[in-house]
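Undergrad: Predicted model follows, preceded by the sequence.
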Amino acid sequence: MSVLKAEQLSKAYNDTFALRNLNLSVEKGEIFCLLGQNGAGKTTTINLILGFLAPTSGRALINGIEVRQNDVATKKHVAYIPEVVQLYGNLSGVENLDFFSRIAGYRYPTEALHEFLDKAGLQREASARRLSTYSKGMRQKVGIAIALAKKADLILMDEPTSGLDPKATDEFTTICKGLIGEGKAIFMATHDIFNAVNMATRIGIMKQGELVHTITNSGITANELQTLYLETI
């Protein structure tokens, strides 16, 4: 059973479709990167999967459960890491993790919280500092630790490498590959063609609300993907 599945998923505003007849699936141990220009439908797709929007037609399923009918139940299986991770700046990294873990119904001893942050790549010294001192990459690591603590099967990400320097991007890629090695599924909206080639198992290209291409990443180069992307959009 797919962790994430979209079946004829559509969203229209009056007569304009932001997303039209999307069909896709994401399995355990897979990173699906969705490319497309601004306004192509990437964020709409994520919002439908999260249950923030009601579809005009079709459906999204998480672990076989339809989101629209069971959005509280499906949220237990999902973690969302937006482009700018919204955390409490006056709390430390470990305090944020503890707070959001409790909201999700999990209570962990301090050492277990630190172990989640370790796995997400955040240094122990940083975990005790206030979030207001963190870089974007460090905030993302706390977001990933929250996903781990929540035991989410599906991690949704929106432009996660935007604004990251090459070192932080490389660290992020390594962490994501580690997550799918543990059986997580990752669905990522991105503009980063190079990183999509570097980390994705499959890549989709979206145009004007439609998924135009789905590519299994088995040796495609960044130049080849860029050429296909530019020809598509």
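TA: Yep, it's here.

Undergrad: C-alpha from now on. contacts and neighbour counts both.
TA: Fine.

Undergrad: If you tally nearby residues, what's the number for Leu131?
TA: 22 (other C-alpha atoms under 10 Å).

Undergrad: Neighbours of the residue lying closest to it once chain neighbours are set aside, how many?
TA: Leaving aside its sequence neighbours, Leu131 sits nearest to Gly89 (C-alpha to C-alpha, 6 or more residues apart in numbering; 4.4 Å). Using other C-alpha under 10 Å, Gly89 has 14 neighbouring residues.

Undergrad: change the start of the numbering to 11 and stick with it
TA: Renumbered: residue one is now 11, and that last one reads Gly99.

Undergrad: what's near enough to touch Gly99?
TA: 140-143 (C-alpha atoms under 8 Å, 6 or more residues apart in numbering).

Undergrad: swap the cut-off to 7 Å and go again
TA: 140-142 (C-alpha atoms under 7 Å, 6 or more residues apart in numbering).

Undergrad: now swap in Ala210 and tell me
TA: So, once contact is read as C-alpha under 7 Å, 6+ apart, Ala210 ends up touching 41-43, 227.

Undergrad: how close does Leu166 get to Cys186?
TA: Using C-alpha to C-alpha, to the nearest Å, we find Leu166 at a distance of 12 Å from Cys186.

Undergrad: can you check Val207 too?
TA: 13 Å.

Undergrad: do Lys38 as well
TA: Lys38 is 13 Å from Cys186, by C-alpha to C-alpha.

Undergrad: who has more neighbours, the two?
TA: The neighbour comparison of Lys38 against Cys186 (other C-alpha under 10 Å) goes to Cys186, with 22 against 18.

Undergrad: Secondary structure element holding that one?
TA: helix 176-191 (DSSP states H and E).

Undergrad: Okay, buried residues for that helix please.
TA: Using 16 or more other C-alpha atoms under 10 Å as the test for burial, helix 176-191 gives 178-180, 182-183, 185-187, 189-190.

Undergrad: contacting residues around the helix or strand of the chain with the lowest mean pLDDT?
TA: The helix or strand of the chain with the poorest confidence is helix 81-85; it has a mean of 87 (mean pLDDT, DSSP states H and E). Identification of contacts with helix 81-85 by C-alpha under 7 Å, 6+ apart yields 61, 72, 75, 77.

Undergrad: Make a markdown table out of these and add secondary structure, distance to Leu32 and neighbour count.
TA: Below are the contacts of helix 81-85 laid out as a markdown table (DSSP: H, G, I helix; E, B strand; the rest coil; distance: C-alpha to C-alpha, whole Å; neighbours: other C-alpha atoms under 10 Å):
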| residue | secondary structure | distance to Leu32 | neighbour count |
| --- | --- | --- | --- |
| Gly61 | coil | 16 | 20 |
| Ile72 | strand | 15 | 27 |
| Ile75 | strand | 17 | 17 |
| Val77 | coil | 15 | 23 |
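
Undergrad: Tabulate the residues you listed (CSV), appending pLDDT.
TA: Formatted as CSV, the contacts of helix 81-85 follow (pLDDT from 0 to 100):
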residue, pLDDT
Gly61, 93
Ile72, 96
Ile75, 94
Val77, 95
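
Undergrad: Out of these, flag the one nearest to Arg212.
TA: Taking C-alpha to C-alpha as the measure, Arg212 sits nearest to Ile72 out of the contacts of helix 81-85, at 18.4 Å.

Undergrad: What's opposite that closest one in the beta bridge?
TA: Leu14, Ile75 (DSSP bridges).

Undergrad: For stretch 158-171, list the C-alpha coordinates in CSV.
TA: The C-alpha trace of stretch 158-171 is given here as CSV (Å, rounded to 0.1, in the frame of the first residue of the first chain):
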residue,chain,number,x,y,z
LEU,A,158,10.8,11.6,13.7
ALA,A,159,9.4,12.1,17.2
LYS,A,160,5.9,12.1,15.7
LYS,A,161,6.6,8.8,14.0
ALA,A,162,5.3,10.2,10.7
ASP,A,163,5.4,7.9,7.8
LEU,A,164,5.1,10.7,5.3
ILE,A,165,7.1,13.9,5.3
LEU,A,166,5.9,16.8,3.1
MET,A,167,8.4,19.6,2.3
ASP,A,168,7.9,22.9,0.4
GLU,A,169,11.1,24.4,-1.1
PRO,A,170,13.3,22.9,1.6
THR,A,171,16.6,23.9,0.0
